[in-house]
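> Quick one, structure for this:
(one chain, ligands or ions: 1)
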Amino acid sequence: MEASGVMNNILIRNGRVIDPAAGRDEVCDVLLAEGVVQAVGRVAQADAKGAEVIDATGKIVSPGLIDLHVHCREPGHEEEETIATSAAAAVQGGFTTIAAMPNTHPPADDETAINYVHQRSAEARLARVLPVGCITRGREGKELAEIGLMREAGAVAFTDDGEGVADATLMQRALQYASMLGAPILQHCQDPSLFGGVMNSGPAAVRLGLGGVAASGEEIMLRRDLELVERIGARYHVQHVSSAGSVELIRQAKAAGLPVTAEAAPHHLLLTDAACMEYDSNYKVNPPLRTAADVEAVRAGVADGTIDCLASDHAPHAAEEKALEFALAPFGIISLDCALGLYARALIETGLCDWPRLIEAMTAAPARVIGSDLGTLRKGRPADVTMIDPKKRWTVDVSKFASLSRNCPYDGWRLTGRAVMTIVAGEIKYQTS
Ligand code: DOR
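Sure thing, here's the model as predicted:
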């Protein structure tokens, strides 16, 4: 079912309320009114007069899920995705907030672009779409973008995602500026001088006759950045961690007390470079799918908290572009509509995480990265709620995605665990049985 429209008072009864930021995991009720959380606990009917009552027995009631890594493609490639369609895909997947990557056309490198995302998000009235600004002007890696003005306009973070910032002086300056503004730098760790291929460097690439991208290109930039972070003390977030070596570097940095956070994407938790053997470009992604040992390390990193957040790196592309031969097709996988079930497959079904940890990685942890008051059901906070049926078995059907694109390798996968209701600012935006 689609969004049902405005509803001011909602009483969610008898669900397992998991709110890691508040240290809560108990069966109880949640009362939403006037767009905020009014009460969590045992709510008497008399206190919820006129409220629509939703029975959440057997369901998990979570703070609205947050995805820090979504490519909305607007402006520039509205045939692939728009801010409104990504917000629709988000609520269908259980996400109440997504962060919009700035590698649009033109790139989001000034305050006008940041205002544009806010405006389009407000018009869509689905998930909240938070703007992320570029680190460098035009994403060209040559000079700093207007970070201060973008921050004033409401940019929640900065990244040149799709490219790493190669110039060390520029990266140092970016960290200094962002730190002054209290904003995190999100880095796509990839040294461009070590990026000569289209899939992971290894036997599969050799067999296929395709150029390889070694994990060293990710790890070398990460190592350099950690040196800078140690000197500057700025908040630094590693996007889409793909290699065992990166997980270990982040683990050591955290042990040393550096203000570092990290995220992992569904494909790096579930797929290896063996998936590329049929030259199917739906498995072409940057950073590339790596080895089984890397997948195991990324999973272990999420389980022990080295990797704080789960983030989809939802990257829509037009069918005619993905139909090109593997070497020429663009990098990217979409998964916003089905990410929750994919995370459950990788982390819950394997016994590596429980639901509280999974939910923390999709609520409290991403909220902390961007310094947001979202991601919790504390009284007075925005009434963003995701109701999850942890036992629901369902089949991924890309034809039903709200996303405009179809470059999804999970079509036909049988998953367990799905968002059955998504509430944003006290309004039901998505509901399924
Ligand atoms: O696979 C990817 N696709 N990785 C990126 O870093 C960029 C993204 C895109 O924009 O398509």
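
> make it CA atoms for all contacts and neighbour counts henceforth
Noted.

> close to the ligand, is stretch 316-334?
Yes: judged by C-alpha under 6 Å from any ligand atom, stretch 316-334 comes into contact with the ligand at 331, 332.

> measure that stretch end to end?
End-to-end distance of stretch 316-334: 6 Å, with C-alpha to C-alpha, to the nearest Å as the criterion.

> So which bits of that stretch are buried?
By neighbour count with 16 or more other C-alpha atoms under 10 Å, stretch 316-334 contains the buried residues 316, 317, 318, 322, 326, 327, 329, 330, 331, 332, 333, 334.

> got it, and stretch 269-281?
So, applying 16+ other C-alpha under 10 Å, buried residues of stretch 269-281: 269, 270, 271, 272, 273, 274, 275, 276, 280, 281.

> For the third one, give me its contacts.
With C-alpha atoms under 8 Å, 6 or more residues apart in numbering as the criterion, the residues that contact residue 271 are 289, 290, 295.

> Quick check, the residue in the stretch 301-433 of the chain closest to the ligand?
As assessed by C-alpha to the nearest ligand atom, the ligand sits closest to residue 332 within the stretch 301-433 of the chain, at 3.4 Å.

> For that residue, grab phi and psi.
phi 150, psi 150 (degrees, to the nearest 10).

> That one and residue 281, how far apart?
Taking C-alpha to C-alpha, one finds residue 332 at 9 Å from residue 281.

> Same question for residue 250.
Residue 250 is 30 Å from residue 281, by C-alpha to C-alpha.

> contact partners of the longest helix seen in the chain?
Using DSSP state H, we find that the single longest helix of the chain is helix 216-232. With C-alpha under 8 Å, 6+ apart as the test, helix 216-232 has contacts from 164, 166, 171-172, 175-176, 189-195, 235-236, 238, 243, 245-246, 249, 253, 258-259.

> how far does it sit from the chain's center?
22 Å (C-alpha atoms, centre = their mean, to the nearest Å).

> all strands of the stretch 301-433 of the chain, in order?
Assigned by DSSP state E, counting those that start in this stretch, the stretch 301-433 of the chain shows strands spanning 309-310, 385-395, 414-424, 427-431.

> Need the buried residues of stretch 316-334 in TSV (columns: distance to residue 17 and pLDDT).
As requested, these are exported to TSV (distance: C-alpha to C-alpha, whole Å; pLDDT from 0 to 100):
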residue	distance to residue 17	pLDDT
316	33	98
317	37	98
318	39	98
322	41	98
326	45	98
327	46	98
329	43	98
330	41	98
331	38	98
332	34	98
333	31	98
334	29	98
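
> Which two of those residues have the greatest separation?
Among the buried residues of stretch 316-334, the pair separated by the greatest distance (C-alpha to C-alpha) is 327 and 334, at 18.8 Å.

> Three-state assignment for residue 245, please.
helix (DSSP: H, G, I helix; E, B strand; the rest coil).

> re earlier: identify each buried residue in the longest helix of the chain, please.
216, 217, 218, 219, 220, 221, 222, 223, 225, 226, 228, 229.

> What average pLDDT does that helix get?
Regarding helix 216-232, the rounded mean pLDDT is 98.

> Return the alpha-carbon coordinates of that helix using PDB.
C-alpha atoms of helix 216-232 as PDB (Å, rounded to 0.1, in the frame of the first residue of the first chain):
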ATOM      1  CA  SER A 216      45.800  -1.500  -1.700                       C
ATOM      2  CA  GLY A 217      44.300   1.600  -3.500                       C
ATOM      3  CA  GLU A 218      41.600   1.800  -0.800                       C
ATOM      4  CA  GLU A 219      43.900   1.000   2.100                       C
ATOM      5  CA  ILE A 220      46.700   3.400   1.100                       C
ATOM      6  CA  MET A 221      44.400   6.400   1.000                       C
ATOM      7  CA  LEU A 222      42.800   5.300   4.300                       C
ATOM      8  CA  ARG A 223      46.200   5.000   5.900                       C
ATOM      9  CA  ARG A 224      47.200   8.500   4.800                       C
ATOM     10  CA  ASP A 225      43.900  10.000   5.900                       C
ATOM     11  CA  LEU A 226      44.200   8.400   9.400                       C
ATOM     12  CA  GLU A 227      47.600  10.100   9.700                       C
ATOM     13  CA  LEU A 228      45.900  13.400   8.900                       C
ATOM     14  CA  VAL A 229      43.000  12.700  11.300                       C
ATOM     15  CA  GLU A 230      45.400  11.900  14.100                       C
ATOM     16  CA  ARG A 231      47.100  15.300  13.600                       C
ATOM     17  CA  ILE A 232      43.900  17.300  13.100                       C
END
